[in-house]
Structure formats: C-alpha cells, structure tokens
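Trainee: The following block contains a protein sequence and its predicted model.
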Amino acid sequence: MESNSNVPGKITPDDNVRLMKGNEAIAHAAIRYGCDGYFGYPITPQSEVLETLEALMPWETTGMVVLQAESEIASINMVYGGAATGKAVFTSSSSPGISLMQEGMSYIAAGELPALVVNVMRGGPGLGTIQPSQADYWQATRGGGHGDYHFIVLAPATVQEMADFVGLGFDLAFKYRTPAMILADGIVGQMMEKVVLPPFRPRRTDEEIARQCPWAVTGRAASRKPNVMTTLELDSATMEQNNERFQRTYRLIAENESRCQTYYTDDADYLIVAFGSVARICLKAIEEMRAKGIKVGLLRPITLWPFPQKQLAGIAAHTKGMLVVELNAGQMIDDCRLATDCSIPTFHFGRMGGIVPNPGEVADALLSHFPEAAN
Amino acid sequence: MTENNNRLKGAVEINRERCKGCDLCVVACPCDVLKLQPKEVNNRGYHFAFADNASACIGCAACAAVCPDGCITVYRVRPKAVAR
Amino acid sequence: MTIDEIKSPENLVYAKPRLLNDRHMHYCPGCSHGVVHRIVAEVLEEMGQDNNTIAVAPVGCAVFAYNYIDVDWIEASHGRAPAVATAAKRLNPDRLVFTYQGDGDLAAIGTAETIHAANRGENITIIFINNAIYGMTGGQMAPTTLEGMKTSTTPYGRQPELNGYPLVITPLLAQLPGTCYVTRQAVHTPAAVAKAKKAIRRAFQSSLDKRGTSIVEIVSTCSSGWKQTPEKANQWMVENMFPAYPPGDLKNFKD
C-alpha cells in the first residue's frame, strides 16, 4: 500500500500513524513542527536524522533548510547563527560529536538562544562504541561546556517521545530563551515503534519572528536599534548581571518545568530510578518482581535538567531504599542522592560499553542490595 | 583673513576627539596642510591632527580616505563658486 | 570666501558615513581595521543595505566590529564566522550576509569553515584582514606570518622548519568552484582605499546576486604588533607583505 510505505517522501498529510525509528521520528516531527533549519554531520547511531531529512526534502514543502555540514563544530555554529536570526533550528549528533559541539553550546546558552540539540548517546569515553549508552548524563545536565549554564534536557524512552520532545523542546526553548537538548540513547534512536506524528504547522513568518523574538538578528537594523548577538562582555559588573539573569531563568525553569513519570510508586517499598530506554527494562523487572510480591516502583525522570527533585523526594520519603539504574558508571545517582539528601540507602546498577542489562539483572541487582525485599 | 581668499579651494574639519594622532593623514596630504599637534592632546591623550596650513587645502580628501577613524570631513569649492 | 564659508553642505566631498557610528573605536592608532570598517560602512550605505544586512564578527581585534557599524551583527566564536554566516544566509536568503575575519580566525582555527563555506558557494562575502600577526592577544605568529618575521612566539623570526610556511590561503579559495570573486587589496594609500572599496562593493553585490562566495583579502598593517609607526608599517607592508601577498584579483567574473 502506497500510503503506508516507509519510503521517505511518500507521505501524505493523513499518514500520521507510522512505524519508524526514533531518529526518523525526530526528522518527521521537526518538519511538522515548522522547524526552519537543520545542520548536522553524520555519526552513528543518529545518522538517520540527517538522512531522513534529506530524503523528505522539506525545503520543497515547508521551506525548511537542511544542510550536511563539514563537522559538528560547523553544525553547532550554524545552529548558533540560525538561532540568532530568530529561526527554529536544531542539530543532532552522538556523544563524540556532542563533545565537539560543547563550545558552541556554551555560546548558544550565553546568547540566550532558543535552539535544540539532539544527542543519541553511544558508549565512551573516546571513540568508544556505537552501541547504546547513557554516559553523557553529567555532560548534558551540568552544562558540558565552559561557564555556568544549563540546557533543558529531555530524556525520551519511546519513539513517540522522540517525536513529541522535538516540539516540547522547541516550545520550552522559545518560552525561556534557553536551549534544549533531547538526550536519547542508541536504543531509542535505532528502535522501530509505532508513532503518532504531530500535526503539520506552518513555519513562522518573518513578522511573527520579529514579534516573538524582538532580539533577533533579522538584518532590519534601520527600523529599530541594531540587534547584536554577542556573548562577549568585558565589563565584569555587567557580565555578572548577565550571569545573574541566566541563573534567574534557570531557577524559573527548575520551579516550573521538571517532569517525570511514576509507575507503581504508591505502595512501593523500594524505588528504581531510571531514564530513557533503560526505564522500560526496569519497568519490566518491576512487573516481574511484583508478580513475586516484591513492591517496587519506578520513577522515570523526563527532564534530566531540571531534575524532578521534589517528585523523587516525595516518593523516597515512604520507601526503604533506591536503586538507580543507568547505562553508565553512576552519574544520575548523584542527583538522586541530592534530591533525597541521602535519606535512604541508594545504590547504583549500571552496564557500560554498550551493554544493555536484561530485566533479570536489574531485579538481581535490587535484591543484592536489598535482600530483605525478597522476604 | 589676510590670505587671498579667491585662491581657497578646499577645507578640512578634523574631529579632534576621535583622532588618535596616527599621522597617516599628514603623510597622505599632497599639499602639506595637516600636522599633528606638537604639544596639545585630546581627551584621550593623543596629539591630534589639525590643519596647520589650512589655506593650502585643495579638498582632495586623500586625508579622509586613509583616516582609520573617520575623523575628517572634507569640503571643496565647486568650480562654479571658484569662478564667481 | 573664507575657510569657514567653504565648510558648507553644498561643498561637502567627504564625511564619515552615518553607519559608522560615533563610538570611539578601540583599535590602535593607524590600524587598517578602522579604514576597512569605514569603507564597509560607506559601501553598505551607498548600496542602501543598512536595513538588509546581517554581519558576522570574528574573534580577534575585530571582535567589537559590531560596536561601530550600525547594522545587525552576530558575534561568532573563533573561526566559525563562515558557519554562522552560512546559516544566517540560508535561513534569510534575501539578506546581505558578510563575515569580517582576521588571519588567525580565517586561516588557522577557522580554515575548515572558511574552505567549506567557500566550496559550498555560500552566497556570502568574506572580508579577510591579513596583517600577518595576532593583534589582540599580543603579537603572536599568525598562519600568514612571513618567513623570518619576528613575533612574540617567533622571537627569532619565523622559521619554516620550526613554524611551517606562511599559509597563502586566498589562491586556494580562488581554486574552489564555489567562489565567484576573490581579490586581494590594501588600504595604505587613497588610491588603494578607492580600489578596496570598489572590491567590497563588487563582493557585496555578488552576494546579493547569489553568484557564490566572494573573498576580499585586505593586506593590512598592525603597527602595534609590528612595533612600527603607522607610516613605517605601511612602507614595511609594501616592501615585505606585497611580495608574498601581491594585491590584485585572483578570480573574477564577467559582468
């Protein structure tokens, strides 16, 4: 059937329910969001984002610009340049490429530019592996580049969320003039699932951009004071004021935008905290443990920054212990301990190097730390 | 003015506070009109340029062309005006 | 007629362009940047592009270019101006987009972005100030520093076996099919300034006409970095820089 074909470019506007990879969903969602531009460089396991965009040729339909840049450094600086003109632009990469982008990301944050960066994480450090990982949690949530700044970090666990978080990421980025990141992993990037694609909406007109982003470098300097996008400020007193303004924004975001999803937490004696695709493995482990009468719940942070501190603290207050499951050596566990003030025993279970644990391993890890749970 | 005014062809005006005393206008001037102030300085401490021999100016704007700071405004008497 | 009478609007032959605002430029006395800023402002004004321009500033002495020319600016990170300009132009195809970059920005840290933007034929102009030295950081060796030239990081003169050869990048860019107009100019004499201004205008028009990438190299002085008076620096430039970087068109097109 032609209309159900997965061949890119064979899509009708009605063809909203699709089976596709997470990376492909991001490309489709961006076009449908009314995104103005994508600039990227191939790297496994996220190259389908660029490939899908090139195949869909949105420049012929919505007018969206798609460009394969010469490097991740060029890509992120194209995002900086595009975002500076008030356009909704994004890039995607995987861990080593995201490391290369960090300077540009710091500039984007310092410029208070709305933009979106997608990191489909692979195992590191170094060239590492192309298999899935979550080892860039610290890099993503602590800023990553130089200076005091944050990206809003969204962690999708499904292909549906890959699609949905494109719009959410852009909306939050424009609402707060703070860049957003989708921190996915190789599993959710490569996995095919059913996805309901968001409806098409038109790209903003130049007039809408000028209204929504009066700061934008649109080239129309004669009709107003020239707009200058710079992150340089040699006067320390002014630079401190700039920093204070950034921090006020971050506090506002932290107060209003932390998101998480909870499962079986009402009566839970023990809590697992996991994000992204690993949360789904943990949910399976929890269902298997519950079948044996072990009351375990799951908290899945959706925003990694801001971390859902209050939500976690509330649940931890009535649980006996917490296991933080990550595809890394133990990174989000820091935020879990901070959120709960180390008030309950907290352990980490993780696999590295691209290994993904099965539900049995997760259950074994929980029971090894909390043997009384089995009684 | 004591000079023969009918021979005046041009005039320069130098924004003394913008001037950094780089001397490039002095070098560029074909008529030795300009000089740097030997003693006086502007608010930033530069020995600014001035029209030492103002009546020699032909309004060619060579000084303004090479001025890195856009300090110089140049006027030239229009041919008609000269004839008059 | 007195001198004061001559100074009337109908006799005006030259005044600072309106787009070059009244802020005091931070450049050292005699710096070529000032002249190039001024003629860029003049060209933008003469072409009526003040309400249609997105300019991209570099890192280096010209980082503050945005403080002086009253159009919209984006200040790029070191070397990335061509990438920033690429996006600005592609997303705003009717705007005049140009970068203003020094030799370190364009030919050292930003070599990849420069070559690839030019090779893609981005419809932008790159104004390239080549003074063979890093001015802002205090006179270190630039990619374009001449053989034997003393800088703070080549205190005994640049030796190719230690420091490599001067990177003559403009001819490389002229070879790329994406470039439409590549020229090398200077601003040391009134005649040179007039030619450089014409070149900038041609480059900007080519960008508006979407002919490809235009490169205007301006062989420049850095009297502070070269430790010479501005006048001596101009002489030194003619005697030493011009043999390595001779002014003239490297690539042009028929009108």
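Mentor: Yep, it's here.

Trainee: element containing the most centrally placed residue in chain B?
Mentor: The centroid of chain B falls nearest to residue B:12 when counting by CA atoms, centre = their mean (3.9 Å). According to DSSP states H and E, residue B:12 maps onto strand B:10-14.

Trainee: Spell out whether that strand and chain C are in contact.
Mentor: Yes. Using CB under 8 Å from any CB of the partner chain, strand B:10-14 reaches chain C at B:10-11, B:13. (C-beta placed from N, C-alpha, C; glycine too.)

Trainee: now, among those residues, which is nearest to chain A?
Mentor: Chain A lies nearest to residue B:13 out of these, by CB to the nearest CB, at 26.7 Å.

Trainee: was I right about residue A:117 contacting residue A:97?
Mentor: No. Applying CB atoms under 8 Å, one finds residue A:117 not in contact with residue A:97, separated by 10.2 Å.

Trainee: who's more crowded, these two?
Mentor: residue A:117 (27 against 23; other CB atoms under 10 Å in any protein chain shown).

Trainee: Setting aside sequence neighbours, what's the nearest residue to the more buried one?
Mentor: Excluding its sequence neighbours, the residue lying closest to residue A:117 (CB to CB, 6 or more residues apart in numbering or on different chains) is residue A:181, at 4.8 Å.

Trainee: so how far is residue C:200 from that neighbour?
Mentor: 40 Å (CB to CB, to the nearest Å).

Trainee: Likewise for residue C:172?
Mentor: From residue C:172 to residue C:200 the distance is 21 Å (CB to CB).

Trainee: could you point out which element follows the longest helix along chain C?
Mentor: Longest helix in chain C by number of residues, with DSSP state H as the criterion: helix C:190-208. Note on helix C:190-208: by DSSP H and E, the next helix or strand toward the C-terminus is strand C:213-219.

Trainee: Given that next one, what are its sheet partners and their directions?
Mentor: strand C:125-130 (parallel), strand C:179-186 (parallel) (DSSP bridges).

Trainee: ranking those by burial, who's on top?
Mentor: strand C:125-130 (a mean of 28; mean count of other CB atoms under 10 Å in any protein chain shown).

Trainee: Not counting that strand itself, show me its contacts.
Mentor: When contacts are defined by CB atoms under 8 Å, 6 or more residues apart in numbering or on different chains, strand C:125-130 is touched by residues C:32-33, C:36, C:40, C:62, C:81-82, C:85, C:96-103, C:106-107, C:114, C:117-118, C:144, C:170, C:200, C:203-204, C:206-207, C:213-220, C:241, C:245.

Trainee: and the direction of that strand versus that of helix C:190-208, what angle?
Mentor: 150 degrees (axes from the mean of the first three to the mean of the last three CA atoms, to 10 degrees).

Trainee: List the residues that contact residue 63.
Mentor: I'll assume chain A. Counting by CB under 8 Å, 6+ apart, residue A:63 touches A:36, A:203.

Trainee: Oops, wrong one, chain C.
Mentor: A:232, C:57, C:75, C:136.

Trainee: State the pLDDT value of the residue nearest to the centre of chain B.
Mentor: pLDDT for residue B:12: 97.

Trainee: Let me know the distance separating it from residue A:193.
Mentor: Distance from residue B:12 to residue A:193, by CB to CB: 75 Å.

Trainee: Would you mind naming what in the stretch 101-250 of chain C lies close to chain B?
Mentor: C:187-190, C:193-194, C:223, C:229-231, C:234.

Trainee: cutoff 6 Å now
Mentor: Neighbours of chain B within the stretch 101-250 of chain C, by CB under 6 Å from any CB of the partner chain: C:190, C:193, C:230-231.

Trainee: ok, back up a step: more neighbours, residue C:172 and residue C:200?
Mentor: Taking neighbours as other CB under 10 Å, residue C:172 and residue C:200 compare with residue C:200 leading, 25 against 17.

Trainee: can you give me the mean pLDDT across the longest helix of chain C?
Mentor: 98.

Trainee: how about that helix: buried residues?
Mentor: C:190, C:192-193, C:195-197, C:199-208 (16 or more other CB atoms under 10 Å in any protein chain shown).

Trainee: ok, now stretch A:211-225?
Mentor: A:213, A:216-222.

Trainee: which residues of chain B score low on pLDDT?
Mentor: Scanning chain B for pLDDT under 70 picks out B:1-6, B:80-84.

Trainee: mind listing what the residue of it found nearest chain C touches?
Mentor: When scored by CB to the nearest CB, chain B has residue B:68 as its residue closest to chain C, at 2.8 Å. Contact analysis of residue B:68 by CB atoms under 6 Å, 6 or more residues apart in numbering or on different chains lists C:31, C:34-35.

Trainee: Just put the residues you listed in CSV and tack on secondary structure, distance to chain A and pLDDT.
Mentor: Output for those, formatted as CSV (DSSP: H, G, I helix; E, B strand; the rest coil; distance: CB to the nearest CB, whole Å; pLDDT from 0 to 100):
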residue, secondary structure, distance to chain A, pLDDT
C:31, coil, 18, 97
C:34, helix, 19, 98
C:35, helix, 21, 98
